[in-house]
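Trainee: no letters, just coordinates:
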C-alpha cells in the first residue's frame, strides 16, 4: 500500500532535482562560455603583442622578440607557442617551445581572428588563434601611392598603407589545462552544492511532511479506535488544519447517520420480535386449548376464526415488509398517469369512510378541482390511503380530518391534517421507523406501525417528500410535496 507522505517526498525531491540539474547545467554553460571568451581574449591580446614586435622596411620583415620578456614561450613546463609566416609561406619567427614542431597555418585573411582547438605532437590540448596582418613600417605614409590596402580592426591592419607592403600571418597557441582545471573545479563545486542541497531538501521535506501530515495521523488514530460500539464518538477537528475541517465534518455526519441506522436496526429487531411473539403466543395458546376440548365444536370454530384473523394480521405485516423491501431496492416500476387530485382523495376516502363514521370522524376535501397532477396513480393512492387511515385510526372520536393542496415552485403539494393530542415534537423524527407506535403497550393488533414506513418508501420512488408538522394546538399535518402538475 502506498504512502501519501512517501509519494509527496518523491515528487518534491524529483522536482527539486530537475530544477537544480537544470540550473546547474545553465550555470555551467554560461560560465564555460564566459571563461572561454575570456581565455580567447587573453590569447588574442598576447598575439597582438607579438604583432607589435614585427616591422618591415623596404619589403624586409623583421621580428624583434626576446625570450626574457615573454618566458612562457620557452618554458619547459606547459609552454605556449607562436609561429609567424609571410604570405608566401616563408617562416620568419617561432617560439623556442616549438622546437621541431610546426603549427598549422591559416588561410590568408584579414577578417576576424580564427580560434581553433588542436593538439601538437606531444598530445597537449591547445587553443590557437591565427590571423593575417601587415607588419608596421618605419617609412612615412605620405610617400606611399594612393592605391592602398585597408586592414580591419580585428586583423590589426592599418589604413592608408601602401599596396607594396608585405602581408604576414601569425598563430599563437596556449594550453587548455588551466581552463579545463577551472571548469572541472566549477563542476565539482556545482555537484557538491547539488548534493548538499538535495540532502538538505530531503531532510527538510521529511521534517515538513511529518509535521504537516501530523493532523492526518491523529485523525487516523481516532478512526482506528472506532467500532460498532463507539458510533457515538465524534472526531475532533484540528484547529491548525482548515483543509481537514470539511472532511472531519463529513465523517462526523457519517458517524451520526451510522449511529442512527444502528439504533433503528436495534429497535427494528426488538419491534419485529415483539410483534411476532404476541401472535405466536396466541397461536400456541389456542392450539393447547383446542387439544384439551376437541369435542366442543363451537369453541373449536371460534378458535379457528381467531386463527384466521391472526394469520391475516401476520400476512399483512409480512406483505408490508416485503413491499418496503422491494421499494427500497428500486424494483417497483413507476407508471405515470394524469388525474385529478381531488377525485383521487374522494375515491380513497370511500374505502375508510365506514370506519371513520364509526368513530364520528368527518372528512373535508379542500383540494381545488383544477389540481391535475402526473404521477403513478396506484402508488399515490397507497400513500393517500395510509395517510387517511392513520388519521382516522389515531384521531380522537368526533373529530375532523381534512385535505388541502397548493402549488409552489417545486410543483403541487397536498396536506392532510387531523388532531393528534398524544403526539409531541420529539415523536416526529421517529414516526417513519418500522413498527414505531406512540402506544408502547402495542394495543391494537391491526396496526403494527408500518404504514408511514410504506409511505416514505413510496414517496422516495415517486421522488416526493413527506414532511410531518405538529401545531401548538396538537394538530398533525402530513405534507407531501413534489407532485408535477399536468
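Mentor: Perfect, I can see it now. Only a predicted model underlies this, so the values are computations on that prediction, with no experimental measurement involved.
Trainee: so, low pLDDT: which residues of the stretch 101-250 of the chain?
Mentor: Scanning the stretch 101-250 of the chain for pLDDT under 70 picks out the ranges 106-111, 138-164, 239-240.
Trainee: which parts of it are helices?
Mentor: 177-212, 214-224, 245-292 (DSSP state H, counting those that start in this stretch).
Trainee: in CSV: those helices, plus distance to residue 400 and mean neighbour count.
Mentor: Any C-beta I mention is one placed from the backbone N, CA and C, and that applies to glycine too. Compiled in CSV, these are given as follows (distance: least, Cβ to Cβ, whole Å; neighbours: other Cβ atoms under 10 Å):
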stretch, distance to residue 400, mean neighbour count
helix 177-212, 66, 13
helix 214-224, 53, 13
helix 245-292, 31, 13
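Trainee: could I get these as JSON lines with distance to residue 404?
Mentor: Formatted as JSON lines, those follow (distance: least, Cβ to Cβ, whole Å):
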{"stretch": "helix 177-212", "distance to residue 404": "59"}
{"stretch": "helix 214-224", "distance to residue 404": "49"}
{"stretch": "helix 245-292", "distance to residue 404": "32"}
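Trainee: nearest to residue 392, of those helices?
Mentor: helix 245-292 (21.5 Å; Cβ to Cβ).
Trainee: just how off-centre is the helix or strand where residue 43 lies within its chain?
Mentor: Residue 43 is part of helix 4-51 when elements are defined by DSSP states H and E. Centre-to-centre, helix 4-51 and its host chain are 36 Å apart (Cα atoms, centre = their mean, to the nearest Å).
Trainee: mean confidence for it?
Mentor: In this model, helix 4-51 carries a mean pLDDT of 92.
Trainee: likewise for stretch 308-321?
Mentor: Rounded mean pLDDT across stretch 308-321 is 69.
Trainee: break down the stretch 301-450 of the chain into its strands, ranges please.
Mentor: 336-340, 362-365, 372-376, 400-408, 411-419 (DSSP state E, counting those that start in this stretch).
Trainee: what sits against residue 466?
Mentor: Residues in contact with residue 466 (Cβ atoms under 8 Å, 6 or more residues apart in numbering) are 383, 432, 455-456, 459, 478-480.
Trainee: hmm, I typed the wrong one, I wanted residue 52.
Mentor: Residue 52 makes contact with residue 136 under the criterion Cβ under 8 Å, 6+ apart.
Trainee: for residue 58, see how far away it is.
Mentor: 20 Å (Cβ to Cβ, to the nearest Å).
Trainee: host element of residue 82?
Mentor: Counting by DSSP H and E, residue 82 is part of strand 81-86.
Trainee: pull up the pairing partners for that strand, direction included.
Mentor: strand 91-94 (antiparallel), strand 168-175 (antiparallel) (DSSP bridges).
Trainee: looking at the helices of the stretch 101-250 of the chain, which is closest to residue 358?
Mentor: Here helix 245-292 is closest among the helices of the stretch 101-250 of the chain (Cβ to Cβ), at 24.5 Å.
Trainee: so how many other residues sit close to residue 29?
Mentor: Using other Cβ atoms under 10 Å, residue 29 has 10 other residues around it.
Trainee: one more: residue 100?
Mentor: 5.
Trainee: again, but for residue 73
Mentor: Each residue near residue 73 was counted by other Cβ under 10 Å, and the total is 21.
Trainee: now do residue 457
Mentor: 22.
Trainee: confidence score at it?
Mentor: Reading off the model, residue 457 has pLDDT 83.
Trainee: shouldn't it be within a strand?
Mentor: No. Using DSSP: H, G, I helix; E, B strand; the rest coil, the assignment for residue 457 is helix, not a strand.
Trainee: quick one: it from residue 466, how far?
Mentor: 10 Å.
Trainee: so residue 168 bridges to which residues?
Mentor: Counting by DSSP bridges, residue 168 is bridged to residue 86, residue 133.
Trainee: how is the protein partitioned into domains?
Mentor: For the chain, automatic domain parsing gives the domain ranges 52-175, 242-326, 332-485.
Trainee: how close does the closest residue to residue 419 other than its chain neighbours sit to residue 302?
Mentor: Take residue 419 and drop its neighbours on the chain: the residue closest to it by Cβ to Cβ, 6 or more residues apart in numbering is residue 399, 4.8 Å away. Residue 399 is 34 Å from residue 302, where distance means Cβ to Cβ.
Trainee: hmm, residue 262 and residue 231 touching each other?
Mentor: Yes. Contact criterion Cβ atoms under 8 Å: residue 231 and residue 262 qualify, at 5.9 Å.
Trainee: in this structure residue 363 contacts residue 353, no?
Mentor: Yes. The pair residue 363 / residue 353 is scored as a contact, 7.4 Å apart, by Cβ under 8 Å.
Trainee: tell me which of those two has more neighbours.
Mentor: With neighbours defined as other Cβ under 10 Å, residue 363 and residue 353 compare such that residue 363 has more, 21 against 15.
Trainee: many thanks, we can stop here.
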